[in-house]
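> Build me a model:
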Amino acid sequence: MGKMIPVGYMAKHLATRPDWLKDAHQVKDIYSVSGCISENFADYIEYWKHNGYWLFDSPQIIEKIAKQNSLDIAATKLFFYEAYEFEYDEHEKSWKPFDPDEDFVTKIHEPDNKTLEGFDVATFWARTKPECSPLSCNSLAKEIETDEHCLLPSFDRAKELLEDGKFENSERGPYRIFAVYSVPWP
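Numbers count the residues shown, from 1 in each chain. Below is the predicted model:
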């Protein structure tokens, strides 16, 4: 496996399998990095508390935003993410390094407890937050075997699928591979 770097936390409202994935019988709910289906706890960018990876450095920052803005996060699930140190350019068929946005402080506090749920691939055309997770957003889970959370079983499988062109014609890249961990709320 390649080097994975911590990129931050997000609280999500989990969605069950959408109708367009009805043929992906194994999928029960969506743990994707993007907020397209399982929505983020808020339209969080307007609070300008995210880090350079456009996620959060700690669960406490999410809790503070929720409290200050009367947002109910009781029914959300907390995730921690690591990303592969390179992103895949589908046009050049190559891996290139990426860095956090330097306009934001990035001091990630890694969790003491985390459970690896699987791996997701997300697009970063605008170079900010995770945009789409083609496995769920573009129904690729109907053709690519995923787990019950619409995630891939390994980093190697995600990398292989990208390099084999299985994500082409889904959403504009570049693409990044994420390790998706569930973590308990503090």
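> is it true that residue 26 touches residue 151?
No - applying Cβ atoms under 8 Å as the test, residue 26 and residue 151 come out as separate, 10.7 Å apart. C-beta coordinates here come from the backbone N, C-alpha and C atoms, glycine included.
> who has more neighbours, the two?
Neighbour count, other Cβ atoms under 10 Å: between residue 26 and residue 151, residue 151 has more, with 26 against 13.
> Please state the backbone phi and psi of the more buried one?
phi -120, psi 160 (degrees, to the nearest 10).
> Contact partners for it?
Contacts for residue 151 (Cβ atoms under 8 Å, 6 or more residues apart in numbering) come out as 31, 32, 117, 118, 119, 120, 135, 180.
> Please identify the helix or strand for residue 9.
Element membership for residue 9, per DSSP states H and E: strand 4-13.
> next SSE after that strand?
Using DSSP H and E, the first helix or strand after strand 4-13 is strand 15-16.
> Packing partners of that following strand?
strand 29-30 (3 or more Cβ pairs under 8 Å, 6 or more residues apart in numbering; DSSP states H and E).
> Go ahead and name everything in contact with the very next helix or strand once past the strand it packs on.
Next helix or strand after strand 29-30 toward the C-terminus (DSSP H and E): strand 39-40. Residues from elsewhere that reach strand 39-40, judged by Cβ under 8 Å, 6+ apart: 10, 11, 12, 13, 15.
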